[in-house]
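A.B. asks: give me coordinates for this.
(one chain, ligands or ions: 1)
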Amino acid sequence: MKRTGGSDAAKRRAGEAAADRVTDGQVVGLGTGSTAAHAIRALGRAADSGLDVRGIPTSFASRQLAREVGVPLTTLEEATPDVAIDGADEVCERPGGFDLVKGGGAAHTREKYVDSAADDLLVVADPSKLADPLAGPIPVAVVPDARPVVAAAVRELGGEPTLRAAEHKDGPVVTDDGNLVLDCAFDGFDPDELSAALSATPGVVEHGLFCGLADAVFVGTEDGVEVLEASPE
Ligand SMILES: O=C(CO)[C@H](O)[C@H](O)COP(=O)(O)O
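C.D. replies: Numbering: from 1, shown residues only. Down below sits the predicted model:
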């Protein structure tokens, strides 16, 4: 579920600082959400000023924005991302890196395979996203027909699934890939164990736990940016 606590100025600082790390000739995974959007806009300005950059979007929305602001696009068939810049709903430090909850924008399926393909994942966030431990709920994208069996499996794991409802239409949120989203609340969980259990559940397309994937987290504040680098294990 989306957290909406952070200011837009803090998100902009985080997005712009992460975009600043992109160097000439790089292919960038373009994350989804209001914070990643600031990075995409910054990359558009950099491309205007001559930076050779190509983006691989993680959603319809990030593709549209990249087109609007002039980030040239490519695909996973043509290129591998050097770096991905993506937002998060929750960020928790762990030995050697960070655990994330993602999927507030229901884009976590594409985000996970684009972010995983990148050599480096830079997360952009504001302080409202910092959590210890992760609390959830965990967004789980499911094949529509499989919703009842996935919901039963989530209950077996001790969770309570809620079908995500659309805000501007009657009925459920449908992802860019035509799936439904169950927001699954757990009363405390081990991220690695829950991630493995959800991945092993038939009918689950992808879930929003990103364990140990991020290399750095750019936390925008009211007056600057704090960069948290993955600590050695
Ligand atoms: O995971 C996501 C989309 O699926 C977003 O990155 C996450 O919801 C954060 O969004 P925002 O930057 O708008 O708070």
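A.B. asks: kindly report the residues of this structure close to the ligand.
C.D. replies: Proximity of the chain to the ligand, by CB under 6 Å from any ligand atom, involves residues 2, 31-36, 86-89, 102-108, 111. Yep, even glycine has a C-beta here, placed from its N, CA and C like the rest.
A.B. asks: now, of those, which are buried?
C.D. replies: Neighbour counting by 16 or more other CB atoms under 10 Å classes 31-36, 86-89, 102-108, 111 among these as buried.
A.B. asks: mind listing which of the residues you listed are in helices?
C.D. replies: Counting by DSSP state H, these place 34, 35, 36, 108, 111 in helices.
A.B. asks: for those, which one is nearest residue 186?
C.D. replies: Lowest distance from residue 186 to those (CB to CB) belongs to residue 108, with 16.6 Å.
A.B. asks: show me how this structure divides into domains.
C.D. replies: Following automatic domain parsing, the chain resolves into domains at 8-131+211-223, 138-206.
A.B. asks: which parts of this protein are helices?
C.D. replies: Using DSSP H, helices in the chain cover 8-19, 34-48, 60-69, 108-117, 147-156, 191-199.
A.B. asks: can I get the ones you listed in TSV with mean pLDDT?
C.D. replies: Below are these laid out as TSV (pLDDT from 0 to 100):
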stretch	mean pLDDT
helix 8-19	96
helix 34-48	98
helix 60-69	98
helix 108-117	98
helix 147-156	98
helix 191-199	98
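A.B. asks: redo the ones you listed as CSV? Include distance to residue 81.
C.D. replies: Below are those laid out as CSV (distance: least, CB to CB, whole Å):
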stretch, distance to residue 81
helix 8-19, 13
helix 34-48, 13
helix 60-69, 13
helix 108-117, 6
helix 147-156, 29
helix 191-199, 22
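A.B. asks: which one of those helices lies closest to residue 132?
C.D. replies: helix 191-199 (11.6 Å).
A.B. asks: identify the residues contacting the closest one?
C.D. replies: 92, 94, 99, 134, 138, 140, 154, 157, 184, 186, 204, 207, 209, 211 (CB atoms under 8 Å, 6 or more residues apart in numbering).
A.B. asks: the inter-axis angle of that helix versus helix 147-156?
C.D. replies: 150 degrees (axes from the mean of the first three to the mean of the last three CA atoms, to 10 degrees).
A.B. asks: OK, contacts around residue 180?
C.D. replies: Contacts for residue 180 were tallied using CB under 8 Å, 6+ apart; they are 141, 142, 144, 147, 163, 164, 172, 173, 174.
A.B. asks: so where is the chain shaky, pLDDT-wise?
C.D. replies: Applying pLDDT under 70 to the chain flags residues 1-5, 232-233.
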